[in-house]
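Chemist: one predicted model, sequence on top.
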Amino acid sequence: MSLTEQARPPIAFALDFADRAEALAAAREVAPAIGMVKVGLELFVREGPSVVTLGRDVGLPVFLDLKLHDIPETVERAVAQASTLGARLVTVHASGGRTMLNRAVARAESEGAGLAVCAVTILTSLDDADLDDIGFESGVTLPPEPDGIVRTRTSYAAEKLARLAWDEGVRWFVCSPAEVKYLRRALGPDAVLVTPGVRPAGGNTTDDQKRVATPERAIQDGASWVVVGRPIRDAKDRLVAARSIADAIARVKVSS
Ligand SMILES: O=C(O)c1cc(=O)[nH]c(=O)n1[C@@H]1O[C@H](COP(=O)(O)O)[C@@H](O)[C@H]1O
């Protein structure tokens with residue numbers, strides 16, 4: 001079954017842990033309430049590529065979040081290596097540009113291992129002021145929204161990068177729940193939109209994430225998956241925390 005058709009909750013649990021043993025224990029705890037595990041930089045740097053087999057140990061697909069950002073040749077070759085690991089997704093930064101995106105997608109397809117390239121648009125830890133700091137201009141002027149909402153420049157930039165990645169064959173995207181509705185509108189139903197930066201109502205919103213929303217809001221606005229790390233990882237009972245997010249998402253899906 002494909003990752004977009006599966007019956008499990010559309011939650012990717014970010015295994016942001018110091019080592020494999022901790023990550024595996026946590027993944028086993030919450031496995032009944034999630035649909036995917038995400039192996040990110042902390043775990044990958046510590047444990048190396050073999051940590052991807054953790055997915056097999058818990059019976060869940062692995063989202064390999066390496067956020068590749070380099071010249072096309074280097075990214076293509078890294079994608080070829082990632083294809084051998086058994087992960088289902090690998091992230092690249094969309095701001096790596098057209099050629100890099102195109103070659104990453106083509107190489108993942110030609111390797112034939114079922115690895116999909118997922119383009120990260122604008123990190124959820126950034127807002128308009130941060131884009132100013134790094135000199136990142138969206139470069140587009142879109143018409144005002146019919147509902148009168150003034151969009152942030154960050155949301156324009158995320159949409160522009162997503163359109164670029166779509167044109168180069170990418171079908172999976174990471175964006176913030178704050179702009180997911182615009183990406184859904186721009187890309188249509190076939191785009192798979194993955195939103196980190198989700199925070200359950202009443203949870204901590206004072207950490208490094210700047211463009212956040214509740215998991216329900218993210219799904220209502222068109223997210224296909226939510227990525228959740230700390231709200232589950234740091235909960236007193238991780239399974240309860242994961243189930244409550246899964247239930248909230250299921251209620252949205254039933255009512256829509
Ligand atoms: O690619 C990602 O997964 C990602 C992109 C992004 O823009 N923001 C973002 O937070 N992430 C990842 O999503 C996870 C979010 O974790 P929490 O903020 O703890 O829920 C982390 O593992 C981040 O590396």
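Modeler: In hand now; what should we look at?
Chemist: three-state assignment of residue 251?
Modeler: helix (DSSP: H, G, I helix; E, B strand; the rest coil).
Chemist: so the residue nearest to it when sequence neighbours are not counted versus residue 63, what's the distance?
Modeler: Leaving aside its sequence neighbours, residue 251 sits nearest to residue 216 (C-beta to C-beta, 6 or more residues apart in numbering; 7.3 Å). C-beta here means a position set from N, CA and C on the backbone, and glycine is covered the same way. Noted for residue 216: a distance of 21 Å to residue 63, by C-beta to C-beta, to the nearest Å.
Chemist: quick revisit: what's in contact with the helix or strand hosting the residue nearest to residue 251?
Modeler: If you go by DSSP states H and E, residue 216 is part of helix 215-220. Helix 215-220 is contacted from outside by 10-11, 177, 180, 195, 198, 200, 226, 228, 245, 248-249, 251-253, 256, using C-beta atoms under 8 Å, 6 or more residues apart in numbering.
Chemist: out of these, which are buried?
Modeler: Among the contacts of helix 215-220, those classed as buried by 16 or more other C-beta atoms under 10 Å are 10-11, 177, 180, 195, 198, 200, 226, 228, 245, 248-249, 252.
Chemist: what's the burial count for the closest residue to residue 190 other than its chain neighbours?
Modeler: Of all residues not flanking residue 190 in the chain, residue 171 sits nearest, at 6.6 Å (C-beta to C-beta, 6+ apart). For residue 171, the neighbour count with other C-beta atoms under 10 Å is 16.
Chemist: residue contacts, residue 171?
Modeler: Neighbours of residue 171 in contact, by C-beta under 8 Å, 6+ apart: 116, 190, 191, 192.
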